[in-house]
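coords please:
(one chain, ligands or ions: 1)
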Amino acid sequence: MAALSDTAREKLQRLADAARNRELSECAREGDTRIIRNGKPLISFSCNDYLGLSQHEKVKEAAVLAIRQYGAGAGAARLVTGNHPLHTRLETMLACWKGTEAALIFGSGYLANIGIIPAIVGKSDLIIADKLVHACLIDGARLSGAKLLRFKHNDIMDCERLLGVYRKKHQNCLIITDEVFSMDGDRAPLAELSTIAGKHDAWLMADGAHSFSGGAAPVDIYVGTLSKALGSYGGYACAKKSVIDYITSRARSFMFSTALPPSAIAAAIAALDIRMENPSLALRPITNARIFTARLALPEAQSPIVPLVLGDETEALTAADVLAEAGYLVTPIRPPTVPEGTSRLRFAFSALHQEQDILAMADLIKNRGWITQKPLDRHAAND
Ligand SMILES: Cc1ncc(COP(=O)(O)O)c(C=O)c1O
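Predicted structure coming up:
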């Protein structure tokens, strides 16, 4: 057997040959949309801090105060001694925000999904997931041991077809979708999915990591993150109390992992307060995304995420380099994050972006002729 270091080197080379190797860059945020990447100042269009709340003075102050009062870390898992009263406070706020009976905070959105799915379905069950759901939902589905089928992206008829053929052969059935698709920016038809879930005796789970709207979603379990629009770190689930109580006792990523530090929870509480007190804040990222799509005559943005599909990996890498040269940070997205042949630039708009920066970047893109968007193969697998 070869030494691990040799095997790793060889496999890395194969990834590099396919332009699929990934490397870390040092990125230091500067308080708004400015970022220093590897020493170069850029305007970031790649942060998921949609409302700019990670940089808000009140949010930062809340985190600092919590560290001063309670220390830097939680000290244990929540079921041991890590369940600080701030967790209860934030869970009450989240349940109220999403119109559910209860909520449960996890270490991250990823941990929430890989813990919840295996807690609620198993070997005798069926999972039907949209083709473009986030990788952590697929990881959770695989961990569960349930039979996993994928329906064509946002295609209710295909979802119903699969339910018709396979539902009766399994005990329980869970339909899984993103609410806002992370690499495409479009939204799932939650109301229609909920109707067919009811018709076929299935449960519906939606991941709203890239959403920041309040109010009840027509789903059995709603998963979200504290790490994007709320500017902090962590994940959460909202559902009926019995579901949350059951997950608390069964989700392994919850049971066997240290609680979030009180500072992350305090920051999320401050951010959620700001979000609830300023409904108009939530309009700004999407308004900015629409300034961009209008300038480029792209389909109107449905969320703050706008993809510009370029094709193969090198096209996306080169385009990102051109934008960086001009002062804009737009991370290229390649397989396996997106399906083969749909490498892209993914623009994430924030409440803090300035119109003149958006327009200047859009004009550069127009001048480079990248706007002959290749149609998305929305049905290709992305796992
Ligand atoms: C749709 C979706 N779900 C879950 C996650 C994971 O959330 P977190 O970053 O809190 O682990 C992400 C993160 O990129 C995501 O895009």
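
tell me the confidence at the residue in the chain positioned nearest to the ligand?
Closest residue of the chain to the ligand, CB to the nearest ligand atom: Gly109 (2.4 Å). All C-beta atoms are positioned from the backbone trio N, CA, C, and that covers glycine. pLDDT for Gly109: 98.

with Arg20 instead?
87.

that one reaches Thr337, doesn't it?
No: Arg20 lies out of contact with Thr337 (CB atoms under 8 Å); the separation is 10.0 Å.

out of these two, which sits in the more crowded spot?
Thr337 (17 against 13; other CB atoms under 10 Å).

once you drop chain neighbours, what's closest to the more buried one?
Ranked by CB to CB, 6 or more residues apart in numbering and with sequence neighbours excluded, the top spatial neighbour of Thr337 is Met183, at 6.4 Å.

any idea how far that neighbour is from Lys123?
Met183 sits 31 Å away from Lys123, going by CB to CB, to the nearest Å.

which of those two has more residues huddled nearby?
Between Met183 and Lys123, counting by other CB under 10 Å, Met183 is the more crowded of the two (21 against 10).

and the more buried one, how far from Ser253?
Taking CB to CB, one finds Met183 at 23 Å from Ser253.

swap in Asn172?
20 Å.

also Pro336?
22 Å.

the more surrounded of the two?
Ser253 (21 against 11).

hang on, isn't the more buried one packed against Phe106?
Yes: Ser253 lies in contact with Phe106 (CB under 8 Å); the separation is 6.5 Å.

neighbours of the residue nearest to Ala209 when sequence neighbours are not counted, how many?
The shortest distance from Ala209 to any residue other than its chain neighbours is 4.5 Å, reached at Thr225 (CB to CB, 6+ apart). When neighbours are defined as other CB under 10 Å, Thr225 has 25 of them.

got a list of what Thr225 touches?
Residues in contact with Thr225 (CB atoms under 8 Å, 6 or more residues apart in numbering) are Ser108, Gly109, Ala112, Ala209, Gly234, Gly235, Tyr236.

now swap in Arg78 and tell me
Contact analysis of Arg78 by CB under 8 Å, 6+ apart lists His87, Ile105, Phe254, Ala259.

so the second one bridges to which residues?
For Ile105, the beta-bridge assignment (DSSP bridges) gives partners Tyr236.

helix or strand next in line after the longest helix seen in the chain, which one?
Looking across the chain with DSSP state H, the single longest helix is helix 262-277. The helix or strand immediately downstream of helix 262-277 is helix 283-295, counting by DSSP states H and E.

the ligand contacts on the stretch 101-250 of the chain?
108-110, 134, 136, 178, 182, 207, 209-210, 225, 227, 235 (CB under 6 Å from any ligand atom).

again, 8 Å this time
Contacts of the stretch 101-250 of the chain with the ligand, taken as CB under 8 Å from any ligand atom, map to 108-113, 133-134, 136-137, 178, 180-182, 207, 209-210, 223, 225-228, 233-235.

now the helices: where do they sit in this structure?
4-17, 57-70, 85-97, 109-120, 135-144, 156-166, 190-199, 241-250, 252-255, 262-277, 283-295, 313-325, 355-368.

looking at these, spot the one closest to Cys47.
helix 283-295 (11.0 Å; CB to CB).

distance of the residue nearest to Ala209 from Pro299?
26 Å.

and what of Ile291?
Distance, Ile291 to Pro299, using CB to CB: 14 Å.

same check, this time on Asn367
Counting by CB to CB - Asn367 and Pro299 are separated by 21 Å.

which non-adjacent residue is nearest Val322?
The shortest distance from Val322 to any residue other than its chain neighbours is 6.5 Å, reached at Arg368 (CB to CB, 6+ apart).
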